[in-house]
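**Student:** what would the 3D arrangement of this be:
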Amino acid sequence: MSSTDTKTKPGLKTTEFWLSLAAAIASFVVAQGFVSDDQLSAVVAIAGPVVAAFGYTISRGLAKK
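**Tutor:** The predicted structure follows:
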């Protein structure tokens with residue numbers, strides 16, 4: 001079976017999408033101060049969705065390659 005015969009799943013049906021979404025939601029909750037109020041947590045929470053989006057983009061790119 002060659003690589004042209006395989007099809008990738010749509011983005012919403014992938015584990016990467018759901019894990020990225022969960023990371024973004026968790027980061028939002030921390031950034032809003034529902035879990036922790038310290039400054040370091042807020043900085044990490046803001047960087048979390050950026051890292052999750054970057055990882056998701058890279059993984060989808062490799063899957064479609």
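**Student:** just give me the neighbour total for the closest residue to Lys64 other than its chain neighbours.
**Tutor:** Nearest residue to Lys64 in three dimensions, chain neighbours excluded: Thr8, at 5.4 Å (Cβ to Cβ, 6 or more residues apart in numbering). All C-beta spots, glycine's among them, are computed from the backbone N, C-alpha and C. Using other Cβ atoms under 10 Å, Thr8 has 11 neighbouring residues.
**Student:** same question, Tyr56
**Tutor:** With other Cβ under 10 Å as criterion, Tyr56 counts 20.
**Student:** the residue nearest to Lys64 contacts Lys65, doesn't it?
**Tutor:** No - Thr8 is beyond contact range of Lys65, at 9.4 Å (criterion: Cβ atoms under 8 Å).
**Student:** can you spell out which helices and strands pack onto the strand or helix carrying Phe54?
**Tutor:** If you go by DSSP states H and E, Phe54 is part of helix 39-64. Counting contacts by 3 or more Cβ pairs under 8 Å, 6 or more residues apart in numbering; DSSP states H and E, helix 39-64 is packed against helix 15-31.
**Student:** tell me which residues are up against the helix it packs on.
**Tutor:** Identification of contacts with helix 15-31 by Cβ atoms under 8 Å, 6 or more residues apart in numbering yields 11, 35-36, 41-42, 44-49, 51-53, 55-56, 59-60.
**Student:** next one, pLDDT for the spatially most central residue of the chain please.
**Tutor:** For the chain, the residue sitting closest to the mean C-alpha position, by Cα atoms, centre = their mean, is Ser20 at 2.1 Å. In this model, Ser20 is scored at 82, pLDDT.
**Student:** please apply the same query to Pro10.
**Tutor:** What the model reports for Pro10 is a pLDDT of 79.
**Student:** dihedrals phi and psi, it?
**Tutor:** Phi and psi for Pro10, reported as degrees, to the nearest 10, are phi -60, psi 150.
**Student:** run a quick neighbour tally on it.
**Tutor:** By the measure other Cβ under 10 Å, the count of residues near Pro10 is 8.
**Student:** if I look at it, how far off is Ala22?
**Tutor:** According to Cβ to Cβ, to the nearest Å, Pro10 and Ala22 sit 18 Å apart.
**Student:** need the residues that contact stretch 42-62.
**Tutor:** Counting by Cβ under 8 Å, 6+ apart, 11, 14, 16-17, 19-20, 23-24, 26-31, 33 sit against stretch 42-62.
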